[in-house]
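K.L.:
Below is the sequence, then the predicted model.
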Amino acid sequence: MIFRLRSLLVLVLLSSILSSCALFREAEDETKDWSANQLLSSAKAKLMESDYEGAIKYYEILEARYPLGRFAQQAQLDLLYAYYKFEEPESSIVAADRFIKLYPRHPRVDYAYYIKGLANFDRNYDTLQRYLPIDLSQRDQETAKESFESFAELVRLFPESRYAEDSRQRMVYLRNNMALHELHVADFYVRRGAHLAALNRAQYVVQHFDRTTAVPDALAMMVKMYKTLGYGELAEQSLRVLKLNYPDYPGIAQIEKMAVMQPVASTLVHEGTDS
């Protein structure tokens, strides 16, 4: 009786395994006889339904089977968008770079630059940051710089592109964030007592991020650091620039009251920045 029961269990298990294998083969062979047009149509349908995972599957099969076909270029453009919407920015960037390299004169290559910029733009966010008001200027700015460069390249090469205006607006946002990041680093140096390093960061903002929202704070930081380091004349010069360009800056009165400290025994650096 026990032997017969064991035999029955073995048969059931084998039957389940064989059924699973059959189903796997059926799913695996679903597109075996599909034409390039059928794959592209199915992928586009998935894309329209916001089924990005399904779209990616069909586009990748299409690319693998018909890499040089007349549908390949459109499939590659759609694929980099599907990766982006499926929240796979790294795959989207790789796909965009490949398209730009293969088809630099394609009439829609500006779109590849744009999606690459968006993918890098979104890499600044993680899951938590999508729902919490976290200041992105305090994060590492490497992906922000990469995003800025992609948008800048698009605007430079295709100033009349339909994506150029949005790219310009995102560049303004990114540039403001990068400037604010420099000030966050400067504040960190102030708290550590590294006043010369803080001064260098503030100078860097004024020199390289003009017309950003961080400039008045950077000028104020320069005045404070010059006074702290004992350079009264340079402090007065920076203060005049601040008052001339930002007369309503709220911290002017307080900065003016700061005393100039005794000069420190160090060489003053006017350009560059610590990393």
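P.N.:
Perfect, I can see it now. Numbers count the residues shown, from 1 in each chain.
K.L.:
What ranges does the stretch 101-250 of the chain have for its helices?
P.N.:
109-122, 142-157, 164-192, 195-208, 215-229, 232-245 (DSSP state H, counting those that start in this stretch).
K.L.:
For this protein, which residues score under the pLDDT cut-off?
P.N.:
1-29, 124-140, 264-275 (pLDDT under 70).
K.L.:
Would you mind splitting it into its domains for me?
P.N.:
29-126+134-176, 193-257 (automatic domain parsing).
K.L.:
between the ones you listed, which one is nearest to His184?
P.N.:
domain 29-126+134-176 (5.3 Å; C-beta to C-beta). No exception for glycine: its C-beta is placed from N, CA and C like everyone else's.
K.L.:
returning to that earlier point: what's the closest of the helices of the stretch 101-250 of the chain to Ile61?
P.N.:
Per C-beta to C-beta, nearest to Ile61 of the helices of the stretch 101-250 of the chain: helix 109-122, 21.1 Å.
K.L.:
List the buried residues of that closest one.
P.N.:
Buried residues in helix 109-122, defined by neighbour count with 16 or more other C-beta atoms under 10 Å: 109-121.
K.L.:
can you check stretch 94-110 too?
P.N.:
Ala95, Ala96, Phe99, Ile100, Tyr103, Val109, Asp110.
K.L.:
Ok, stretch 249-260 next?
P.N.:
By neighbour count on 16+ other C-beta under 10 Å, the buried set for stretch 249-260 is Ile252, Ile255.
K.L.:
just to revisit the earlier point, now tabulate the helices of the stretch 101-250 of the chain in TSV and tack on distance to Ile255.
P.N.:
Formatted as TSV, these follow (distance: least, C-beta to C-beta, whole Å):
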stretch	distance to Ile255
helix 109-122	35
helix 142-157	30
helix 164-192	14
helix 195-208	13
helix 215-229	5
helix 232-245	7
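K.L.:
Of the ones you listed, which is nearest Tyr84?
P.N.:
helix 109-122 (5.3 Å).
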